[in-house]
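[1] How does the following fold in three dimensions:
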Amino acid sequence: MKNIVTLAHETVVLTPTTREEQQEILAIETPYKIALNDRDIGASMVLETALEEFGAGFLFGQGYVRSPEEVKEVLVCPEGRISVYADVEEDAEPKEVIITSGCGGTGKISREMLEGAFDPLQECTITFPEIHDFILAILHGSRLGHDTHCVHGCGLWADGRLQAFYEDVGRHNAVDKIIGAILLKKIPARGAVYTTGRLTSDMVLKCARIGIPIVMSRTAPSSLGMAIARRAGVTLVAYARPDRLNVFNAPERIVQDI
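    Presented below is the predicted three-dimensional model:
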């Protein structure tokens with residue numbers, strides 16, 4: 001059964017001299033608890049799409065799951081619970097988390113994710129024709145984004161095509177769904193991510209830790225997001241447009257026709 005993710009609402013549009021009724025489409029936020037091996041870890045407001053991916057990606061960001069090999073099964077309960085079963089330490093202590101710049105505290109990462117050396121990235125390059133098709137697919141491929149103006153999108157491009165695209169009311173959640181898809185072995189980490197959200201520390205960090213080499217955004221990075229990209233060797237692209245990029249780090253993965 002397909003989850004209902006929008007609802008219609010009647011509004012009144014006012015100007016200094018006019019008044020008219022208009023119908024608007026709202027994205028529906030739903031609370032979900034996330035559990036690891038039947039132990040509650042956290043909760044989030046989320047758009048009810050790709051919940052399996054979100055649950056796995058959420059636990060990666062919290063530092064409980066580290067690789068696709070650890071994830072065994074994900075079950076979604078209609079009553080608002082995502083249960084992830086993974087081959088990890090059963091008695092693992094709660095992770096120390098850092099509240100990042102996400103609105104309302106939605107951005108959380110474990111301290112251990114922020115510290116320590118980075119594993120090698122899954123290397124790849126991307127051409128400008130690919131970037132053109134990638135960005136347009138994200139910006140114009142979503143009816144939900146067009147109808148609500150209330151969701152962030154995040155996609156992954158690899159092997160010459162769009163491998164996955166997810167949306168959510170939170171930019172962190174949309175990225176977590178991409179991370180979760182990698183953990184569930186639905187898409188490769190060897191590719192480029194494009195997000196409509198800004199590239200703060202947690203956004204860049206999660207991509208770097210899962211091994212994604214190219215991270216692009218429609219908007220801006222933060223100083224710590226850029227510092228993490230430099231530490232990890234990530235190609236960090238901001239203000240990305242189909243024919244123009246502002247590359248803050250490691251431009252060699254962008255292939256130019258010159």
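[2] On the secondary structure side, give me the element for the residue lying closest to I25 once chain neighbours are set aside.
    Sequence neighbours aside, D147 is the residue nearest to I25 in space, at 4.3 Å (criterion: Cβ to Cβ, 6 or more residues apart in numbering). For glycine as for every other residue, the C-beta is placed from the backbone atoms N, C-alpha and C. Of the helices and strands defined by DSSP states H and E, D147 is found in helix 143-148.
[3] Helices along this structure, start to end?
    51-61, 111-114, 128-140, 143-148, 171-183, 201-210, 223-232 (DSSP state H).
[4] coming back round to it: and the helix holding D147, what's its mean pLDDT?
    Here helix 143-148 scores 91 as its mean pLDDT.
[5] And stretch 159-176, by the same measure?
    Rounded mean pLDDT across stretch 159-176 is 96.
[6] you'd agree the residue nearest to I25 is up against H9?
    No - the pair D147 / H9 is not scored as a contact, 12.0 Å apart, by Cβ atoms under 8 Å.
[7] Between the two, tell me which one has more neighbours.
    Neighbours of D147 and H9, each counted by other Cβ atoms under 10 Å, are more numerous for D147; the result is 15 against 10.
[8] how much space between the more buried one and E167?
    Separation of D147 from E167 (Cβ to Cβ, to the nearest Å) stands at 11 Å.
[9] Just checking, which helix or strand of this structure averages the lowest pLDDT?
    Least confident helix or strand, the chain: strand 97-99 with a mean of 59, by mean pLDDT, DSSP states H and E.
[10] what ranges of the stretch 51-200 of the chain fall below the confidence cut-off?
    Applying pLDDT under 70 to the stretch 51-200 of the chain flags residues 90-110.
[11] run the last query once more with 90
    78, 89-116, 140-143, 146 (pLDDT under 90).
[12] Number of residues surrounding S201?
    For S201, using other Cβ under 10 Å, the count is 22.
[13] Leaving aside the residues adjacent along the chain, what's closest to it?
    L224 is the one closest to S201 (Cβ to Cβ, 6+ apart), at 4.0 Å.
[14] which residues does L139 contact?
    Contact analysis of L139 by Cβ atoms under 8 Å, 6 or more residues apart in numbering lists 153, 196, 218.
[15] OK, contacts around the spatially most central residue of the chain?
    Centroid check for the chain by Cα atoms, centre = their mean gives V175 as the closest residue, at 0.6 Å. V175 is in contact with 57, 154, 193, 195, 197, 203, 206-207, counting by Cβ under 8 Å, 6+ apart.
[16] could you redo the last one with a cut-off of 7 Å?
    Applying Cβ atoms under 7 Å, 6 or more residues apart in numbering to V175 gives the contacts 154, 195, 203, 206.
[17] Out of these, grab the one that's most surrounded.
    Counting neighbours by other Cβ under 10 Å, M203 leads the contacts of V175 with 31 neighbours.
[18] so what pLDDT did it get?
    94.
[19] what does I28 give?
    pLDDT, I28: 96.
[20] Much appreciated, bye for now.
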